[in-house]
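Q: let me see the structure of the following:
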Amino acid sequence: MSSRGVVQCLLAAVLFGVTAPLTSELAGSLPAFTLAGLLYVGAAMAVTPSVVRRPPSRQALAAEWRPASVAVVAGGAIGPLLLVAGLARTEAATASILLNTELVATVVLAALFFGERIGRRLMSSVVLITVAGVLLTWGPGAAVDVGAVLIIAACVAWGLDNCVTAHIEELTPEHVVALKGIVAGGVNLVIGLSTGGWGPSTDAVQVLAALVIGAAGYGLSITLWVRGARQLGAARGQLIFSTAPFIGAVVAWTVLGDPVGALQVAAVLLAAAGIVVSVRPVHLHEHRHGLLVHSHPHVSGRHHRDTPR
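A: Below is the predicted model of the structure:
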């Protein structure tokens with residue numbers, strides 16, 4: 001096993017994992033549209049060197065404009081907007097754990113609308129992560145945590161993004177990220193600035209922080225994961241990356257001081273069990289696969305075609 005590949009995939013998981021807790025620190029200062037736009041504009045800036053070295057051809061753009069458009073709208077505009085809105089209303093640790101529901105959304109949408117078969121192991125994973133999500137959605141006094149619901153809705157948008165980008169063959173993940181940043185990020189940013197501006201308490205440091213978080217969490221993490229997975233194989237690379245939501249939860253608990261309760265611990269255990277179940281069927285011997293990756297890092301083995309459905 002390549003130690004360099006392990007480091008790259010682990011660093012990708014760390015960068016993506018800390019995105020939710022770090023973004024939550026800005027969610028109260030920057031308007032939702034503005035912050036969502038800045039995150040993906042930052043992501044586009046991070047992948048610009050790669051896109052400049054290998055620009056998409058006109059033929060590729062013409063062939064993939066339909067799924068790419070869905071990915072841009074769902075994954076680049078709606079998903080980040082819902083995430084930011086949710087982070088402003090719930091704890092960062094809860095949001096990090098709930099990001100595991102992207103697996104559930106991806107699997108369900110793939111089965112319902114893309115004709116993919118769900119195996120028993122993957123269905124077990126869906127059930128475990130769904131239960132974890134339910135535990136975190138119901139707040140004190142049986143009240144619904146609106147922030148948690150918004151995070152889950154963001155995961156549904158990203159699940160659709162995953163499904164359509166899995167079928168994009170002519171564009172690289174960096175190409176799709178650039179499209180999301182330029183189109184969706186730009187539109188969200190314009191809407192935010194025209195309706196709410198920068199916010200009453202926003203300064204240049206917060207704007208720069210949002211760009212850096214987006215560049216690292218949604219841009220650089222993708223590049224690192226692709227490079228690492230090319231050395232390790234898609235299965236091992238995805239297994240390492242599946243630690244991202246738990247890294248985010250640990251950061252929120254230890255650095256941001258989010259409270260840790262019995263429900264949070266139970267949800268972490270259930271979600272972790274769900275991830276283990278989902279990746280366990282993937283065989284991990286040393287043959288090489290063509291990478292099936294998309295522009296939004298995720299926490300499942302959903303696009304690895306050796307995984308039973």
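Q: residue 190: how many residues sit nearby?
A: For residue 190, the number of neighbouring residues by other Cβ atoms under 10 Å comes to 13. C-betas here are computed from N, CA, C, even on glycine.
Q: for it, pull up the helix or strand it's in.
A: For residue 190, the host element (DSSP states H and E) is helix 186-195.
Q: may I see the buried residues of that helix?
A: For helix 186-195, a neighbour-count test (16 or more other Cβ atoms under 10 Å) marks 186, 187, 188, 189, 191, 192 as buried.
Q: tabulate those (JSON lines), appending pLDDT and distance to residue 168.
A: Formatted as JSON lines, the buried residues of helix 186-195 follow (pLDDT from 0 to 100; distance: Cβ to Cβ, whole Å):
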{"residue": "186", "pLDDT": "96", "distance to residue 168": "21"}
{"residue": "187", "pLDDT": "96", "distance to residue 168": "21"}
{"residue": "188", "pLDDT": "96", "distance to residue 168": "22"}
{"residue": "189", "pLDDT": "95", "distance to residue 168": "24"}
{"residue": "191", "pLDDT": "95", "distance to residue 168": "26"}
{"residue": "192", "pLDDT": "93", "distance to residue 168": "28"}
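Q: pick the one among those closest to residue 29.
A: Residue 29 lies nearest to residue 192 out of the buried residues of helix 186-195, by Cβ to Cβ, at 12.5 Å.
Q: okay, that closest one and residue 264: tell me how far apart.
A: As defined by Cβ to Cβ, to the nearest Å, residue 192 lies at a distance of 31 Å from residue 264.
Q: list the helices and strands the helix holding residue 190 packs on?
A: If you count contacts as 3 or more Cβ pairs under 8 Å, 6 or more residues apart in numbering; DSSP states H and E, helix 186-195 packs onto helix 32-53.
Q: what about 10 Å?
A: Under the contact criterion of 3 or more Cβ pairs under 10 Å, 6 or more residues apart in numbering; DSSP states H and E, the helices and strands touching helix 186-195 comprise helix 32-53, helix 79-87.
Q: wait, isn't residue 246 in contact with residue 97?
A: Yes - with contacts defined as Cβ atoms under 10 Å, residue 246 counts as touching residue 97 at a distance of 7.7 Å.
Q: find the residues that touch each one of these two.
A: The overlap between the contact sets of residue 246 and residue 97 (Cβ atoms under 10 Å, 6 or more residues apart in numbering) consists of 268, 271, 272.
Q: the second one contacts residue 93, doesn't it?
A: When you say that, I think you mean residue 271. No - in terms of Cβ under 10 Å, residue 271 does not count as a neighbour of residue 93; the distance is 11.9 Å.
Q: need the overlap of contacts for those two.
A: Between them, residue 271 and residue 93 have 136, 245, 249 as joint contacts when contacts are counted by Cβ under 10 Å, 6+ apart.
Q: tell me the secondary structure for the second one?
A: Under DSSP: H, G, I helix; E, B strand; the rest coil, the three-state class of residue 245 is helix.
Q: that one against residue 102, yeah?
A: Yes - here residue 245 reaches residue 102: they are 8.9 Å apart, a contact under Cβ under 10 Å.
Q: low-scoring stretches of the stretch 201-309 of the chain, by residue?
A: Segments of the stretch 201-309 of the chain classed as low confidence (criterion: pLDDT under 70) are 234-235, 279-309.
Q: do a quick rundown of the helices in it.
A: 204-214, 221-232, 234-241, 244-254, 262-279 (DSSP state H, counting those that start in this stretch).
Q: who are the packing partners of the longest one?
A: In other words, helix 262-279. helix 92-98, helix 101-113, helix 120-137, helix 234-241, helix 244-254.
Q: residue 153: which of these is closest?
A: Proximity to residue 153 (Cβ to Cβ) singles out helix 101-113 among the helices and strands packed on helix 262-279, at 9.3 Å.
Q: same question for the closest one, mean pLDDT?
A: Per-residue pLDDT values over helix 101-113 give a mean of 89.
Q: repeat for stretch 65-82
A: The average of the pLDDT scores along stretch 65-82 is 96.
Q: understood, closing this out.
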